[in-house]
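**Student:** Provided below for reference: sequence and predicted model.
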Amino acid sequence: MKIRVPATSANLGPGFDSCGIALSRYLTIEIGPETRTWQINHQLGSEIPSDEKNLLIKTALDLAPTLRPHKITMISDIPIARGLGSSSSVIVAGIELANRLGNLGMTPQQKVAYATKIEGHPDNVAPAICGDFVVASYNNNEVNFVEHTFPDCDVIAFIPDHELLTSESRGVLPKELSYHDAVKASSIGNVMIAAILNGNLPLAGKMMERDILHESHRQHLVPHLKKIRTLCKTYGGYGSFLSGAGPTVLVLTPPENTEKLVTALKGLNHEALIDVLSIEREGVQIF
Ligand code: HSE
């Protein structure tokens, strides 16, 4: 049995800690035979544990403590600590591992609720579970979410060659926001979501670039964001935003402008990886 979980991008600008999309990069877990102790074969580096200390197994055992150990192969093309939901993908795979091996029969609602408690916010885990576009709210210890189709477009990822830890990127956010700014932030986010639901990507892209909740506070950690935004305007993209806590920046574009944008982005930084992705319509899958 194999479990596949898509990469995700959280926030989409003003949808901070609430909106997310699933993307066409994946974590795949292959469940092998039972063994005496958990063994995780992976090529993700020596810092990632290969035993029951791996986040995958910790998550699965928290949910189903009596699971029998198995040999597992873990393959991922989601870069670590780049803002593309790598840790969420492991958490979601761990929940699905427990769900399948432990016959828990979990609903998507239960999976999203459990994953959100671990992650602290739903904007990566919800689209990793449900696919496509998800708008979620986590408060009073309860997650409510709505899944919807995201309009067709190309998604160009500008992935810097350095990591940015979510903890560091959240550490620079302000503790408080004025009433005036909260109302403004809410209206920008509301129009962004309504425009997505209407299939109006030019308007959604415009709103994505007007976030006042997090991007401006993180600007000094991601100086490339401003330059990418200028290129996005020049070469006909719909809009750009910091993917999750960064450092990756996503540019949404009509396919006819993808090539020009990719060439321009490559000229910006030769160390960064420029990847053309698409919206993944499916969430976690079993093969
Ligand atoms: N909404 C989160 C943030 C996503 O921007 O910090 C990253 O975990």
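**Tutor:** Perfect, thanks for sending it. Just so it is clear, the model here is predicted, and its values are computed rather than measured.
**Student:** can you give the domain ranges for this structure?
**Tutor:** Per automatic domain parsing, the domain ranges recorded for the chain read 2-148+282-286, 154-277.
**Student:** tally of neighbours for residue 204?
**Tutor:** Number of residues near residue 204 (other C-beta atoms under 10 Å) recorded here: 25. Backbone N, C-alpha and C define where each C-beta goes, glycine included.
**Student:** quick check: residues of the stretch 1-150 of the chain near the ligand?
**Tutor:** With the criterion set to C-beta under 6 Å from any ligand atom, the stretch 1-150 of the chain comes near the ligand through 10, 11, 16, 17, 121, 123, 124.
**Student:** identify those among the residues you listed that sit within strands.
**Tutor:** Counting by DSSP state E, the members of these that fall within strands are residue 10.
**Student:** just the buried positions in stretch 208-216, please.
**Tutor:** Buried positions in stretch 208-216, judged by neighbour count with 16 or more other C-beta atoms under 10 Å: 208, 209, 210, 211, 212, 213, 214, 215.
**Student:** the third one: what secondary structure?
**Tutor:** Using DSSP: H, G, I helix; E, B strand; the rest coil as the criterion, the local structure at residue 210 reads coil.
**Student:** not counting sequence-adjacent ones, nearest residue to it?
**Tutor:** Among residues not flanking residue 210 along the chain, residue 188 sits closest, at 4.9 Å (C-beta to C-beta, 6 or more residues apart in numbering).
**Student:** ok, residue 53 to the ligand distance?
**Tutor:** Per C-beta to the nearest ligand atom, to the nearest Å, residue 53 is found 22 Å from the ligand.
**Student:** can I get the buried residues of stretch 208-216 in TSV including pLDDT?
**Tutor:** Compiled in TSV, these are given as follows (pLDDT from 0 to 100):
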residue	pLDDT
208	98
209	98
210	98
211	98
212	97
213	97
214	98
215	97
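**Student:** for residue 275, state which of the residues you listed is nearest.
**Tutor:** Of all the buried residues of stretch 208-216, the one sitting nearest residue 275 is residue 208; the distance, using C-beta to C-beta, is 19.1 Å.
**Student:** and the closest residue to that closest one other than its chain neighbours, what does it touch?
**Tutor:** Of all residues not flanking residue 208 in the chain, residue 13 sits nearest, at 3.6 Å (C-beta to C-beta, 6+ apart). Shown here is residue 13, whose contacts under the criterion C-beta atoms under 8 Å, 6 or more residues apart in numbering are 192, 207, 208, 209, 210, 211, 215, 239, 241, 242.
**Student:** let's see 7 Å
**Tutor:** 192, 207, 208, 209, 211, 215, 241 (C-beta atoms under 7 Å, 6 or more residues apart in numbering).
**Student:** what helix or strand is the last one on?
**Tutor:** Meaning residue 241. For residue 241, the host element (DSSP states H and E) is strand 239-242.
**Student:** all strands for the chain, in order.
**Tutor:** Read by DSSP E, the chain holds these strands, from start to end of the chain: 2-10, 19-34, 39-41, 70-76, 133-139, 142-148, 154-159, 239-242, 249-253, 273-277, 285-286.
**Student:** mind listing what the shortest one pairs with, with the direction of each?
**Tutor:** Pointing back at strand 285-286 there. When sheet partners are counted by DSSP bridges, strand 285-286 sits next to strand 2-10 (antiparallel).
**Student:** can you list contacts of the strand it pairs with?
**Tutor:** 20-23, 25-30, 78, 84-85, 88-89, 92-93, 96-97, 123-124, 127-128, 131, 243-244, 250, 280, 283-287.
**Student:** please apply the same query to stretch 135-155.
**Tutor:** By C-beta under 7 Å, 6+ apart, the surrounding residues in contact with stretch 135-155 are 15, 18-19, 21, 23, 112-113, 116, 121-123, 126, 130, 132-134, 193, 196-197, 199, 201, 238, 250, 252-255, 258, 276-279.
**Student:** ok, now stretch 269-282?
**Tutor:** By C-beta under 7 Å, 6+ apart, the surrounding residues in contact with stretch 269-282 are 6, 21-25, 131-132, 150, 154-161, 224, 258, 262, 265-266.
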